[in-house]
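Peer 1: could you look at this predicted model? Sequence included:
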Amino acid sequence: MQAYVYEQPRELDPAGFADYLNPATTAVISIDMHRGHLDESPDCPCPAPRARDLVAPLDAFHAQVRALGVRLVHVRATVRPNGEDDLNGIPAAWRRTFPLYVGEIPNSAGHAIEGSKWTEWCTHVEPTDMQVSTKRRLSAFYPSDLDFLLRNQRIETVVLDGGFTDCCVLNTAFDANNYNYRVIVLRDLVRGTDAHLEGAALSMVSLHLGLVMDSQELLRVWRAAA
C-alpha cells in the first residue's frame, strides 16, 4: 500500500500495519468543518479559506465510509455564549498569536459561540453519524468526551480529516497517539494554514504519530481486506 513518509510516497507492506487497517475498529474523525472556519462572508470569525474546497470531497469520502460500515464522528469547537471558558476566562492563545500572521480578524470574538450560526456544519451529517461538540481548544480530545465515546465503541484506530493540518488536526493526532490509538491522517482531505506548514505537519505525523495516506488508497485497502 502507498503511504507518505516525510512527504515522499513509499510502498509499505500492509501486514506491517495490520492493526491500523481494520475498518471494524476504526472511526473517521472529521474536524471543525463548520461555518466558523469555512463561511465566505467577511465576518467569518476564524477563516480557513484553504479548507473550503474540502467540503465536496469530504462528503463523497464520508458517503463511502458509511457504505463500508466504518464509524464517523464529526467534531467541532464550541465555547459558552458568555465566554467563561475563553474570552472571559483565559483566552485561547490563537486569538492573540494568529492575527500576528494573518492580520486583524474583525469578528474573532464570535468564533465557536454555542448555538450561533458559526458552529453550523458545512459538511453533510447523517443522523447515524456521531457528533462531538465540546471541543474547546485545539485538540478534538480536549476537553470533550471523544476518548470516552471512542472507547465505548471499541475503536482502536482514528482516521483524521478536516482542518487545520498544522493546528487542530496535528493536536488531535498527538493526543490520539498519546492515548494509544493508531493514527492515520488523510493527506488529500486535510488543509493547513499554508502549503509549507501543511507539509511540515504531515511530515511530523509520518515520523512520530502514524500513517499519512490518501483517502482513495485507504478505501482500497479497506475493501481489499473485506
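Peer 2: Ah, there it is.

Peer 1: report all helices and strands that the longest strand along the chain contacts.
Peer 2: For the chain, the longest strand by residue count, based on DSSP state E, is strand 182-191. Here strand 182-191 touches helix 55-67, strand 157-163, helix 170-178, helix 195-204, strand 210-213, helix 215-225, going by 3 or more Cβ pairs under 8 Å, 6 or more residues apart in numbering; DSSP states H and E. Using the backbone N, CA and C atoms, a C-beta is placed for each residue, glycine as well.

Peer 1: hmm, try it at 6 Å
Peer 2: Using 3 or more Cβ pairs under 6 Å, 6 or more residues apart in numbering; DSSP states H and E, the elements in contact with strand 182-191 are strand 157-163, helix 170-178, strand 210-213, helix 215-225.

Peer 1: check contacts around the residue positioned nearest the centre of the chain.
Peer 2: The centre of the chain sits closest to I31, judged by Cα atoms, centre = their mean, with a distance of 3.1 Å. Shown in contact with I31 (Cβ atoms under 6 Å, 6 or more residues apart in numbering): 75, 140, 162, 168-169.

Peer 1: which one of the helices and strands packed on strand 182-191 lies nearest to F98?
Peer 2: strand 157-163 (13.3 Å; Cβ to Cβ).

Peer 1: what angle do that closest one and helix 215-225 make?
Peer 2: Orientation check (axes from the mean of the first three to the mean of the last three Cα atoms, to 10 degrees): strand 157-163 against helix 215-225 gives 160 degrees.

Peer 1: quick thing: my sequence starts at 56, can you match it?
Peer 2: From this message on, residue numbering opens at 56, which makes the last subject strand 212-218.

Peer 1: can I get strand 212-218 as CSV, trimmed to CA atoms?
Peer 2: These are the backbone C-alpha positions of strand 212-218, laid out as CSV (Å, rounded to 0.1, in the frame of the first residue of the first chain):
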residue,chain,number,x,y,z
THR,A,212,-7.7,3.5,15.0
VAL,A,213,-8.7,7.0,14.2
VAL,A,214,-8.6,8.4,10.7
LEU,A,215,-8.4,12.3,10.7
ASP,A,216,-9.7,14.7,8.1
GLY,A,217,-10.7,18.4,8.1
GLY,A,218,-8.7,21.4,9.3
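
Peer 1: next, the buried residues of that strand.
Peer 2: Neighbour counts over strand 212-218 (16 or more other Cβ atoms under 10 Å) mark 212-218 as buried.

Peer 1: centre of the chain to that strand, how far?
Peer 2: Mean C-alpha position of strand 212-218 versus that of the full chain (Cα atoms, centre = their mean, to the nearest Å) differs by 5 Å.

Peer 1: show me the contacts for the closest residue to R237 other than its chain neighbours.
Peer 2: Nearest non-adjacent residue to R237, counting by Cβ to Cβ, 6 or more residues apart in numbering: T212, 4.0 Å away. By Cβ under 6 Å, 6+ apart, the contact list for T212 reads 75, 81, 237.

Peer 1: repeat that for D230.
Peer 2: 194, 196.

Peer 1: distance of it from A73?
Peer 2: 24 Å (Cβ to Cβ, to the nearest Å).

Peer 1: what is the burial count for F203?
Peer 2: Neighbour count for F203, taken as other Cβ atoms under 10 Å: 11.

Peer 1: likewise K172?
Peer 2: Using other Cβ under 10 Å: K172 sits among 12 other residues.

Peer 1: now do the one 10 residues further on
Peer 2: By the measure other Cβ under 10 Å, the count of residues near P182 is 4.

Peer 1: go on, D74?
Peer 2: 10.
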